[in-house]
Structures are given as C-alpha cells and as structure tokens.
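Chemist: No sequence on hand, only this structure:
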C-alpha cells in the first residue's frame, strides 16, 4: 500500500487540514493580488501546481498561526477559519473566505480570536506559537478514508479558489488581510492573540465552494464578497 493510499489517523487528519489551510491562504493571497506575484514560488501539491509565498515575514506569520491551529485542531477546538480581505484606504471588508470545521462531538460553543493583521507592516505581530505539544490523543485510531481520496477532494477546492477571479469583483484599492479563528470556549488562547469582531460584509453575495472530509474532520468552504456596484467608485 502506497503512502497516498494509507488510511488516516487523527494526527494525520490534523496535518492534512492544517496543510490545506496554509495552501488555501497562499492561493487566496496570490489570486486576489494581496501580495505581489513575484513573491510567490510554484510548488506541486495535490496533483496541482500551487503558489507559496517566499516573503519571510508572511511565512513566519503563517507558520506561527498553523502551529497554533494544529494544537487547537488536535484538541477539537477549531470551529472556523476566516480569511478577511479589507481595503487599506476604505477600511471595509471586501471579501470573507470562510472554512467551517466539523468534528465528531463538535457541539461546543465557540468564541473568536484573531491572529493579527496580514499587511506588510504588521504581518509578524499579534501571533504566538503554541506553548506546548498537543499530546498523543487517540493518534492510533484510524479512519476509513485514504490520503489519496482526501487529496482529490482538496484539489477540487484549490481549483475553485484559482477560478474565483472569474466571478469576484476587482479589488480596486490596496488590500490587507486578517486571519480569524473561531474556537471553542474552552480553548487555551495564547496571550498575543486578541478578540476580534467577525468583519462581516453587509449586502454581500455568497458562493459556496466544495468540501472535503477526513475520517475526523470535515471542512466546508465558501466566499462572501461585496458586489462591485455597492462600492464607492
């Protein structure tokens, strides 16, 4: 049995979801022009060519967020990840990429924390690496899906993010981004993370994207955006 055909453990599921989030965020930042295209490199993942940032500050920020994300995922504390794209001049939220995470027994109340701003000036601030390892919780339990099956589902989502430029309005001003993570009320939140408002978009349009499931997590994806005719031109 090849590595791609191996069934998934909880630890493997956490790694798959975290890697997907990292790849999806990079794809959004590239496709929506939040960072300059020359700051990305091409890599092969999920049977696709994906773009990954080479910006040192952004890489450090995302690595710290993903480290904390893995800890929360292993504890069943992640409910949702949101990539909020805002206009630097207007201060308005123009796009909101939402990834809902469902887990077994995942019925806890949730709160929201923010991992700092995603613009060039403060990209490495307001985020902290997790304080301790998340442990070996049920890591020997195995699910019914193979890595290959899950990667095929993820491939379809990345393709949709890439194709989003065909239906999303042009971003007519310089933009920054924030990462918002909804966690359970019992989640241990590092001090350098801060509470955030949800950065909703009034009078928005919503497009649902595909989902993927491991045997431990399900991720549903969607994007909401402010229609071009609602913007101040």
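Modeler: Cool, the structure landed. Keep in mind the model is a prediction, meaning the values are calculated, not measured. Numbers count the residues shown, from 1 in each chain.

Chemist: Confidence-wise, which helix or strand of the protein is lowest on average?
Modeler: strand 110-117 (a mean of 52; mean pLDDT, DSSP states H and E).

Chemist: And the contacts of stretch 151-164?
Modeler: With contact meaning C-beta atoms under 8 Å, 6 or more residues apart in numbering, stretch 151-164 is reached by 4, 16, 20, 23-24, 27-28, 31-32, 46-48, 50, 207, 209-213, 221, 223. Glycine gets a C-beta too; all of them are placed from N, C-alpha and C.

Chemist: Helices - which of those residues land there?
Modeler: Among those, the members falling in helices (DSSP state H) are 16, 20, 23-24, 27-28, 31.

Chemist: With neighbour count and distance to residue 99 added, can I get those residues in TSV?
Modeler: Output for the ones in helices among the contacts of stretch 151-164, formatted as TSV (neighbours: other C-beta atoms under 10 Å; distance: C-beta to C-beta, whole Å):
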residue	neighbour count	distance to residue 99
16	21	13
20	25	8
23	21	12
24	22	7
27	23	12
28	19	11
31	16	16
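
Chemist: so what does the helix or strand hosting residue 65 touch, helix or strand wise?
Modeler: Assigned by DSSP states H and E, residue 65 falls within helix 56-74. Helices and strands touching helix 56-74, by 3 or more C-beta pairs under 8 Å, 6 or more residues apart in numbering; DSSP states H and E, are helix 10-31, strand 78-87, strand 110-117, strand 175-184.

Chemist: who does the last one pair up with?
Modeler: It refers to strand 175-184. strand 78-87 (antiparallel), strand 110-117 (antiparallel) (DSSP bridges).

Chemist: Low-confidence bits of this protein, can you list those?
Modeler: Filtered on pLDDT under 70, the chain yields the residue ranges 1-5, 104-143, 228-233.

Chemist: Mind listing the residues bridging to residue 179?
Modeler: With DSSP bridges as the criterion, residue 179 is bridged to residue 83.

Chemist: Could you measure from it over to residue 91?
Modeler: Shown here: residue 179 relative to residue 91, a distance of 18 Å by C-beta to C-beta, to the nearest Å.
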